[in-house]
Structure formats: C-alpha cells, structure tokens
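Asker: the following comprises the amino acid sequence and a computationally predicted model.
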Amino acid sequence: MATSGHRSSQPLLSSILDTLGEEIVSGSQPEGHTFTLHDLSERFGISRTVAREAMRALEQLGLVSSSRRVGLKVLPQSEWNVFDHAIISWRLRTEEQRPAQLASLRELRDAIEPTAARLAAVNATKEQARRLCELADQIVELAGQDAGNSDAFQEADLEFHALMLEASGNEMFVALTPPIMDIMSGRALYGIMPDDPHVDTMQIHVDLAQAIASGNADAAEDASRRLLRGVNDFMEM
C-alpha cells in the first residue's frame, strides 16, 4: 500500500515542481525570496510529506536552500544545476530566460561538436559510420521537402548528432548529449527552426558523415564547424 501511495503522489509532485521551477527561473520568485513548508502545504493543498519531497527536489536542483530558522530561500542562478533537463526546460518555457538559455546551449554545442566530430573520425565503429551516412541522406531529403519541422526530420537530426557524440568515444561528451539535444528540440518547439532549412547547409551532414566514415579527422572537424555556422546563420537565436 505504501508503494501505491508513493506512486500516486508523483504526478502531483511533478506539477508542483513545474510551477515552482518556472516561477524561480523566471524571477517571479526572485533570489532571496523565502517560503516555508507550511506555505507550500497551504498553497497546493498538499501534505507536509509531499511538501518536503518538493523541497528536497528543489534543493537538489540548486534552486533553494533550506534551514530551520529561515525556511526555503531562493538561490541565485550561479547555484542552479544548469545542466539538468528540468531547469533547461523551465528556462526555455519562460520568455525572460529563453534567449539566454538558447544562447548558452548554442555556445555549448559550438564548443563540443567539432571536437566530437574529429574524435568520431578516429573512434566510430563501421556500424556507427554507416548509420550516420544513412541519417545524413535522410536529413537532406527531408530538408528538400520543406519538412524541417516534421517529426521525421527532428528524429533523424537528433539521432545523427547524438550518435556522433557517442561515436566520439569520449564519455564526458556523451554525458553532454541531453543539453545539446535540448537546443535542437527547443528550436522547433519555439518556432526557431524554419520549415525549409537551407538544403546546402543540410548537405554538410553528408560531408560530415563521409569524413567520419573515411577516418578523416580534419575534414570531419571542418564539416562540423561549417554545419554549425550555417545552422546558426539561418536560425535567429
């Protein structure tokens, strides 16, 4: 019975966290603002146990600190776990944070992917290289059909870049896959990705995949940089 009760509280807890998380990252609950477990219980009509779970989740994300004397205190952005998917999602949802979050994700991607491409040219397996070439062809074909915001295009593009990070063989690059995927998903969700992405730019996926497949590290890194420049040029972020 206890397990069933725990499971039933999860949707409610997630909803409360979404509300509080967005309020904190948007600044509607500013740095230094304080509230208590009692405040949470009263506001959301929840038990003290669920309020405490919410407090712990917010603490783990670096959004608040807690003390017996003060209660919960909203922390500055410098304390946030900025790589956590929940925080990235909340920042993308809020107009106040979206431009800065997109810029930070773009800069992260620009810094990581060219080196990952170089490493993938050295470390990719034959199967990974083959799949990258397949996905690159699919991306170009869909771009030519003005399907830049289609599910098929998004899935192929996400798989291509996630696979390239995996093929790099660098476990720390692989760990950065979720935030890099967040910018690629976010650009479609928030109307940044055009329906007709430049086919010439999308064609660079083919150059990149072929460079990785042939083991040409210099060409792979160059193609990645050209691709990112092209994408950044036709998307207004």
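Answerer: Sure, I can see it. Residues are numbered from 1 along each chain as shown.
Asker: run through the protein and note the low-pLDDT ranges.
Answerer: Low-confidence segments of the chain, defined by pLDDT under 70, span residues 1-9, 187-188, 190-197, 234-237.
Asker: what segments of it are helices?
Answerer: 2-26, 37-44, 48-60, 85-93, 98-123, 126-144, 151-167, 171-175, 177-189, 199-202, 204-214, 217-234 (DSSP state H).
Asker: could you identify which of those helices is most buried?
Answerer: helix 204-214 (a mean of 22; mean count of other C-beta atoms under 10 Å). Heads up, the C-betas are built off the backbone N, CA and C, glycines and all.
Asker: ok, and what's touching that one?
Answerer: Helix 204-214 has contacts (C-beta atoms under 8 Å, 6 or more residues apart in numbering) with 117, 120-121, 124, 129-130, 132-133, 135-137, 139-140, 160, 164, 167, 217, 219-220, 222-224, 226-227, 230.
Asker: redo that, cut-off 7 Å
Answerer: Helix 204-214 is contacted from outside by 117, 120-121, 124, 129, 132-133, 136-137, 139-140, 160, 167, 219-220, 223-224, 226-227, 230, using C-beta atoms under 7 Å, 6 or more residues apart in numbering.
Asker: could the helices of the chain go into CSV alongside distance to residue 71?
Answerer: Listed next are the helices of the chain as CSV, based on distance: least, C-beta to C-beta, whole Å:
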stretch, distance to residue 71
helix 2-26, 14
helix 37-44, 7
helix 48-60, 9
helix 85-93, 22
helix 98-123, 28
helix 126-144, 50
helix 151-167, 41
helix 171-175, 34
helix 177-189, 31
helix 199-202, 51
helix 204-214, 51
helix 217-234, 43
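Asker: out of the ones you listed, which is closest to residue 69?
Answerer: When the helices of the chain are compared by C-beta to C-beta, helix 37-44 sits nearest residue 69, at 13.4 Å.
Asker: please state the offset of that closest one from the chain centre?
Answerer: A distance of 31 Å separates the centroid of the chain from that of helix 37-44, by C-alpha atoms, centre = their mean, to the nearest Å.
Asker: need the nearest residue in space to the residue nearest to the spatial centre of the chain, chain neighbours excluded.
Answerer: Closest to where the C-alpha atoms of the chain average out (C-alpha atoms, centre = their mean) is residue 182, at 2.3 Å. Closest residue to residue 182 apart from its sequence neighbours, by C-beta to C-beta, 6 or more residues apart in numbering: residue 88 at 4.9 Å.
Asker: wait, isn't that neighbour in contact with residue 179?
Answerer: Yes: under the criterion of C-beta atoms under 7 Å, residue 88 makes contact with residue 179 at 6.0 Å.
Asker: got the contact list for the nearest residue to residue 18 once chain neighbours are set aside?
Answerer: Nearest residue to residue 18, sequence neighbours excluded (C-beta to C-beta, 6+ apart): residue 90, at 7.4 Å. Counting by C-beta under 7 Å, 6+ apart, residue 90 touches 21-22, 25.
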